[in-house]
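Asker: Need the 3D shape of this:
(2 chains)
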Amino acid sequence: MTNPYLPLEARIVERVQESPSIFTLRLQLTDEAARNTYRFDAGQFNMVYVHGAGEVPISIVSDPRDPHLLDHTIRKVGRVTSALADLEAGDRVGLRGPFGRGWPLERSRGRDVAIVTGGLGCAPVVAVINYILMRREHFGRLTVIQGVKHAEELIWRERYAYWQSLPDVQVLLSADHGGPLWPWHVGRVTEVFEDAHLRPGSVAMICGPEIMMQIAARQLAARGIAEDDIWVSMERNMQCAVGHCGHCQFGPDFVCRQGPVFPYPRIKPLFSVKGF
Amino acid sequence: MLNKTNGNQDQPALFLPRASLQRLLDALRAAGWRCHGPTVRDGAILYGPISRADELPRGVHADQAPGSYRVRESDSPRQFAWANGPQALKPLLFAPRETLWRAKRAPDGALRFEESAQQTQRIALIGARACDLAALALQDKHFLQGRFRDPYYARRREALFIVAVNCSHPADTCFCASTGDGPRATSGFDIALSELDDGFVAEAAAERGRAILDGLALAPASRAQLAQAAAESERAARMQKRTLPSRNLRDALFRNLDHPRWSDVAQRCLSCGNCTSVCPTCFCHAENEVPALDGVESAHAREWDSCFTRGHSYLAGFTVRPDTRTRYRQWLTHKLGSWHDQFGRSGCTGCGRCIAWCPVGIDITEEAAAICAEDA
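Answerer: So this is what the prediction gives:
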């Protein structure tokens, strides 16, 4: 009988410091057989384990085309992520996964895609942007909308400038507090929705703080995107990742199992109710 | 292993004289099972290892009321004349605390993960009630029948033999008749007994239960004994004062998320988590890391958790449910509401433990009725 709780050993192939508090670990399973059977979808997550500290759920942000190297972009916030931040290339961690349901990329083929994100540069949706740009002919127009509090919080700034230079890509950034080198909008991210070229039939994928996702989903729906085509990435306390421990429940769903990416209508009834 | 019928229609119910109860225990032990049964410990009826039938709580009753549980003795010859104590079958299978695996770090930094070695005891549990068998079916569904199977629970489950004893003395807090889960056990057991003054009507539901009863060479139960057993079950149903509406309360609960009663109950609730500990269906657990001081070995353990704790809904810097109102609401809307989505039925089997063991006597049937009243 396989044990869904037991991690496999993985090696840190590379560590990149993305910002003072954000870093990326590139992981590789050390067992060859496990490495060769491992597959994942964009938007799925792994449980990453640090010896003596514990496990945390982290989205896989690298391309599913290469399931041998698994990038995890992590913000140092708690006990386990702080321990992860101290690790270096060559160190070993534990890894279980992949878990959950990812982004609806197959469903989105041939259609325009709007990506909406907020907070400190949401790594899971950057993976989606990369995925789409690597398979440009399979998708229509790409609109990227992102809001941050302070201009200096945006990581991977050069990528946004590059994306904006590409045909059929619109990038709309917004910071509540700009700065001398901030060429984008200053104000609420919801204000830049006015400038988005969204055509009916688009698919929208949202990731970020819940209040921002609620507003974004309503704005997108008001701009003619069908609610069934709006997808939201939810975050809840996850400890087991297999739907047993009960912490990540959101109404009827276990976020680790039915999520983390949900169709908006599924979560809409409880989305704006505090306490679920 | 466990079939759904109440006894075997082809095989008549048997009569086990009280003086022969020891023979049942001996037969179970001879077949490789260690017997666990009800005993009085720490002022409550708790399950524990037993080897002699006279260790069973003769003439012991349990008086229960909101926030109260008291053991009382009488001169009754009966040994199962009590309503459930704080434990269900849950602690036997879903361990309150256990190590799942250990991570060992070699001098070169390599990590090795080892599943924790466990000795699984073959246990025959004597005295399971219908409400707890219904709860067991729900825990089985949760831990065994989803996409991921819990190997720790599974090993203990496979090693459990169940002797149900139909409940004839429900407590004031019981309401299994209204949830449809008791007082008579209809499935999920190997052997079911109905206690009479001078012995037990015995039925086997599974092959291995039948094998045990066959070995005892018992006489068939008389018509009068069968009638008496049935009458006791009916009486036990009639005695119950509390009820939970048998309809699906999901929509009513989720339509009333702003009901003032949530704040009202939060004024009384201590958020202690007793209800979730004694609940036979609550499955929440936390995973904790226990590193050894040598820096080499680290144990990954799990223990029961409760949606009434602050940590339960904590994530990266904020707590989804910071107050008692939202925690009690989470518990009740899950137990009686979203449980229907997850398991196809309510998560309450009417055992009443959360009422008796609540230090302030909050009554789930009363709260549910108040919140869903206008939605009836």
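Asker: Who are the contact partners of residue 28?
Answerer: Going with chain A. Neighbouring residues of residue A:28 by Cβ atoms under 8 Å, 6 or more residues apart in numbering or on different chains: A:10, A:11, A:13, A:35, A:68, A:69, A:70. Backbone N, C-alpha and C define where each C-beta goes, glycine included.
Asker: The intended chain is chain B.
Answerer: Listed by Cβ under 8 Å, 6+ apart, the contact partners of residue B:28 are B:35, B:124, B:161, B:163, B:212.
Asker: Check residue A:67 too.
Answerer: Contact partners of residue A:67, counting by Cβ under 8 Å, 6+ apart, are A:38, A:39, A:40.
Asker: Contacts for stretch B:101-112 next, please.
Answerer: With Cβ under 8 Å, 6+ apart as the contact definition, stretch B:101-112 has outside contacts at A:3, A:5-7, A:9, A:30, A:49, A:51-52, A:90-94, B:113-116, B:295-300.
Asker: ok, how many other residues are close to the residue of the stretch 101-250 of chain B found nearest chain A?
Answerer: Closest residue of the stretch 101-250 of chain B to chain A, Cβ to the nearest Cβ: residue B:148 (3.8 Å). Counted with other Cβ atoms under 10 Å in any protein chain shown, residues neighbouring residue B:148 total 18.
Asker: again with the one 4 residues further on
Answerer: Residue B:152 is surrounded by 21 other residues when neighbours are defined as other Cβ under 10 Å.
Asker: Among the contacts of stretch B:101-112, which lie within strands?
Answerer: Judged by DSSP state E, the contacts of stretch B:101-112 include A:9, A:49, A:92, A:93, A:94, B:113, B:114, B:115, B:297, B:298, B:299, B:300 as members of strands.
Asker: so who does the fifth one touch?
Answerer: So that's residue A:94. By Cβ under 8 Å, 6+ apart, the contact list for residue A:94 reads A:7-10, A:47-51, A:55, B:103, B:111, B:113.
Asker: The nearest residue to residue A:34 once chain neighbours are set aside: neighbouring residues, count only.
Answerer: When the adjacent residues along the chain are set aside, residue A:34 lies closest to residue A:8, with 5.3 Å between them (Cβ to Cβ, 6 or more residues apart in numbering or on different chains). Burial of residue A:8, expressed as a neighbour count using other Cβ under 10 Å, amounts to 18.
Asker: quick one, what contacts residue A:8?
Answerer: A:29, A:30, A:31, A:34, A:94, A:95, A:96, B:113.
Asker: now residue B:153
Answerer: Residue B:153 sits in contact with B:93, B:94, B:139, B:143, B:144, where contact means Cβ under 8 Å, 6+ apart.
Asker: Against chain A, which of these make the cut? List them.
Answerer: residue B:143 (Cβ under 8 Å from any Cβ of the partner chain).
Asker: Go through the contacts of residue B:153 and flag which are in helices.
Answerer: Members of those lying in helices (criterion: DSSP state H): B:93, B:139, B:143, B:144.
Asker: Once you drop chain neighbours, what's closest to residue B:14?
Answerer: Excluding its sequence neighbours, the residue lying closest to residue B:14 (Cβ to Cβ, 6+ apart) is residue B:218, at 3.9 Å.
Asker: and that neighbour, what pLDDT?
Answerer: The model reports residue B:218 with a pLDDT of 97.
Asker: Report how many residues lie close to it.
Answerer: So residue B:218, with other Cβ under 10 Å, has 19 neighbours.
Asker: where does it fall, phi/psi-wise?
Answerer: Torsion angles at residue B:218 (phi, psi; degrees, to the nearest 10) stand at phi -90, psi 160.
Asker: got the contact list for it?
Answerer: Residue B:218 sits in contact with B:14, B:15, B:16, B:20, B:202, where contact means Cβ under 8 Å, 6+ apart.
Asker: follow-up on the earlier one: so which pair among the contacts of residue A:8 is furthest apart in space?
Answerer: Maximum pairwise distance in the contacts of residue A:8, criterion Cβ to Cβ, is 14.1 Å, between A:30 and A:96.
Asker: about what we covered before: which of the contacts of residue A:8 sits closest to residue B:49?
Answerer: Within these, the smallest distance to residue B:49 is 32.8 Å, found for residue B:113 (Cβ to Cβ).
Asker: so that closest one makes contact with residue A:7?
Answerer: Yes - Residue B:113 lies in contact with residue A:7 (Cβ atoms under 8 Å); the separation is 5.4 Å.
Asker: How about the residues of the stretch 151-276 of chain A by chain B?
Answerer: Counting by Cβ under 8 Å from any Cβ, the residues of the stretch 151-276 of chain A near chain B are A:235-237, A:239-240, A:242-247, A:249, A:251-252, A:257, A:269-270, A:273-276.
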